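Novice: Sequence below, structure please.
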Amino acid sequence: MGFFGKLFGSDETTPARKLNHPSQLNVGDMISLDDSFALPPQLRGQQLRVEAVNTYEFEREHSPEWVLKGKLGDTLFMGLDEDDEVWLSFSLKLHRADVEALFDMDAFAEIFEEPGKAELAPLPIENETAQFEQWLGKQYYQTGFAQFGYFHKKDYRNGKPSQYMENNPGEPFESYELLDSQESHAIEIEVYEGGDTDVMLTLYRPLSDIREYWPGE
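Specialist: Reported below is the predicted structural model:
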């Protein structure tokens, strides 16, 4: 920039960020989802804002989690599941009363027993559980047992979290997972120190379910 540009300012503006993949989302960005009836009401046609980006750390990998919120008020969690191709994973956290309404608790308790081969079917849907119907598979099979990890309330996409106490290792937890035969629905459970337990229903969807991206200010 020349002298007069510095003196009077420049007409140049910083180009807006271009978003075309969920891995690029930061706090304040927004997405809009497909209005397909294949999606549950909490997702269908919704505009969701990124409220936070967290990190899950395991022994050989770490991955981001996007915390999303929309006009319906539900807090949703999004991740990326990478296998032969990349899929979106949307998760909804359950209250204890919801878990008790959706599953037989004796069968649910088998998830935490060795050798970690539990099978679980949801109870019949009632009025009070109708909101979860599209989040549920018909029959689940356990695929993960007591996998140790750390949860970080920090975005480590451009770095690597540390497991050393003096460098803020995050919150340690054990992970349990069940998957349905279609590999489209999962139950994910995190047990933290002191016994605090998070239970999430997870739905795997194609990247094309995100119809539009809007960068935040």
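Novice: Show me what N54 bridges to in the sheet.
Specialist: E65 (DSSP bridges).
Novice: That one contacts D155, doesn't it?
Specialist: Yes - applying CB atoms under 8 Å as the test, N54 and D155 come out as touching, 7.4 Å apart. To be clear about C-beta, it is placed using only N, CA and C from the backbone, and glycine gets the same treatment.
Novice: Can you list the low-confidence ranges for this structure?
Specialist: 1-15, 163-168 (pLDDT under 70).
Novice: tell me, what's touching N54 and D155 both at once?
Specialist: P64 (CB atoms under 8 Å, 6 or more residues apart in numbering).
Novice: Show the contacting residues for the nearest residue to M30 once chain neighbours are set aside.
Specialist: Leaving aside its sequence neighbours, M30 sits nearest to W214 (CB to CB, 6 or more residues apart in numbering; 4.3 Å). Taking CB under 8 Å, 6+ apart as the criterion, W214 is in contact with 19, 29-32.
Novice: any idea how far W214 is from L72?
Specialist: Distance, W214 to L72, by CB to CB, to the nearest Å: 18 Å.
Novice: need the helices for the protein, in chain order.
Specialist: 3-8, 96-102, 105-109 (DSSP state H).
Novice: I'd like the distance from the shortest one to the chain centre, please.
Specialist: The chain centroid and the centroid of helix 105-109 are separated by 24 Å, computed with CA atoms, centre = their mean, to the nearest Å.
Novice: got it, and stretch 144-158?
Specialist: Offset of stretch 144-158 from its chain centre (CA atoms, centre = their mean): 12 Å.
Novice: Next: stretch 63-72.
Specialist: Counting by CA atoms, centre = their mean, stretch 63-72 comes out at 7 Å from the chain centroid.
Novice: Stretch 92-107 now?
Specialist: On CA atoms, centre = their mean, the centre of stretch 92-107 falls 19 Å from the chain's centre.
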